[in-house]
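Asker: Dropping a prediction and its sequence here:
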Amino acid sequence: MLRLCALLSLLVLGMSAEGLNASLIHRSSPTSTPPTKKKKSPPRRLSAIPQWIYSSVFLTAYFDDGHYKQGYALLLPNGHYLTASTLVFDRGMYAQTIMAKMQDDSAPMLICVARLRVKAIDRNRGLALLSTHVFTNDGCQIRPESYYHARIYRKYAQNPLEQTASPTFPLYYPQVNPKNAFQIQALSISLKSIKIPYGRPLFGANGVFAGLISANERNAWVIKKETILSFLKTLKERKLF
């Protein structure tokens, strides 16, 4: 009866019963419980695993005097890698062995993929191009190239020279977490808090490559994408990339 009265009242006011949400016609029962506050929506975040995570590389560079440095790189086409020159040139010497670890979408942890060597370096621009020397298995031992290696190189390599979109803010970078996997970190104004900054790639909120972080013993800085494009264009002209 109450429902019929409500419908008639709405029709008198000129509302169409056809567009009426019948679920709104009810009598609220009295309650002593105060209304609950609506939870605030969490801030917008990137998707759990953006594609650029799989284009990021964790490097360990070993030098002849026994010391080593760790840093990051970006996977480029044809088995090339882009990193900061300060990672692979240190104390007046070049790294002799460079181990590369990556994360694939089929496994949550970083695994060895290859041993690299320095192919070209520009210390003025602060950049280095690395090439694949030999492939490795999960235990970092030398092995022939497998379907797994070919898949990673084909699917996740990025070519900044072919990117037409511009990165959008904020910027993000990969960080190795205690579980030996990449996690996403947002770039803050200060770079001093970033541990192992050498060669760390930066990506926009839209997933577009934005630059690299480099550092020395005192400071850290961002190598802009324009500088990187100039470096890669020079290498391409010399048929090194």
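Answerer: Structure received.
Asker: Strand partners (parallel or antiparallel) of the longest strand seen in the chain?
Answerer: Using DSSP state E, we find that the single longest strand of the chain is strand 111-122. Strand 111-122 has the following strand partners under DSSP bridges: strand 97-102 (antiparallel), strand 127-136 (antiparallel).
Asker: How about the contacts made by residue 238?
Answerer: Residue 238 is in contact with no residue at all, counting by C-beta atoms under 8 Å, 6 or more residues apart in numbering. For the C-beta atoms, the positions are set from N, CA and C on the backbone; glycine is no exception.
Asker: and it, how far is that from residue 133?
Answerer: 20 Å (C-beta to C-beta, to the nearest Å).
Asker: Now render the strands paired with strand 111-122 as a markdown table, adding mean neighbour count.
Answerer: Formatted as a markdown table, the strands paired with strand 111-122 follow (neighbours: other C-beta atoms under 10 Å):
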| stretch | mean neighbour count |
| --- | --- |
| strand 97-102 | 21 |
| strand 127-136 | 21 |
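Asker: do you know which of those lies nearest residue 155?
Answerer: Closest to residue 155 of those, according to C-beta to C-beta: strand 97-102, at 11.2 Å.
Asker: Report the distance from that closest one to the chain centre.
Answerer: Distance of strand 97-102 from the chain centroid (C-alpha atoms, centre = their mean, to the nearest Å) equals 18 Å.
Asker: got it, and stretch 227-234?
Answerer: With C-alpha atoms, centre = their mean, you get 21 Å for stretch 227-234.
Asker: again with stretch 155-170
Answerer: 11 Å.
Asker: cool, and stretch 165-182?
Answerer: 4 Å.
Asker: same check, this time on stretch 228-241
Answerer: 23 Å.
Asker: list the buried ones in that stretch?
Answerer: Neighbour counts over stretch 228-241 (16 or more other C-beta atoms under 10 Å) mark 228, 231, 232, 235, 241 as buried.
Asker: same deal with stretch 140-151?
Answerer: So, applying 16+ other C-beta under 10 Å, buried residues of stretch 140-151: 140, 148, 149.
Asker: part of a helix, is the last one?
Answerer: Yes. Counting by DSSP: H, G, I helix; E, B strand; the rest coil, residue 149 falls inside a helix.
Asker: Does residue 232 belong to a helix, a strand or coil?
Answerer: Applying three-state DSSP: residue 232 is helix.
Asker: right, and it touches residue 161 too?
Answerer: Yes. In this structure, residue 232 is within contact of residue 161 by C-beta atoms under 8 Å, at 5.5 Å.
Asker: Give the intersection of the neighbour lists for these two.
Answerer: By C-beta under 8 Å, 6+ apart, no residue touches both residue 232 and residue 161.
Asker: could the buried residues of stretch 140-151 be laid out in TSV, adding pLDDT?
Answerer: Listed next are those as TSV, based on pLDDT from 0 to 100:
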residue	pLDDT
140	96
148	92
149	96
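Asker: And those residues, which is closest to residue 53?
Answerer: Closest to residue 53, out of all of those and judged by C-beta to C-beta, is residue 148, at 17.0 Å.
Asker: Please name the nearest non-neighbouring residue to the closest one.
Answerer: Excluding its sequence neighbours, the residue lying closest to residue 148 (C-beta to C-beta, 6 or more residues apart in numbering) is residue 104, at 7.5 Å.
Asker: for residue 51, same thing?
Answerer: residue 207 (6.0 Å).
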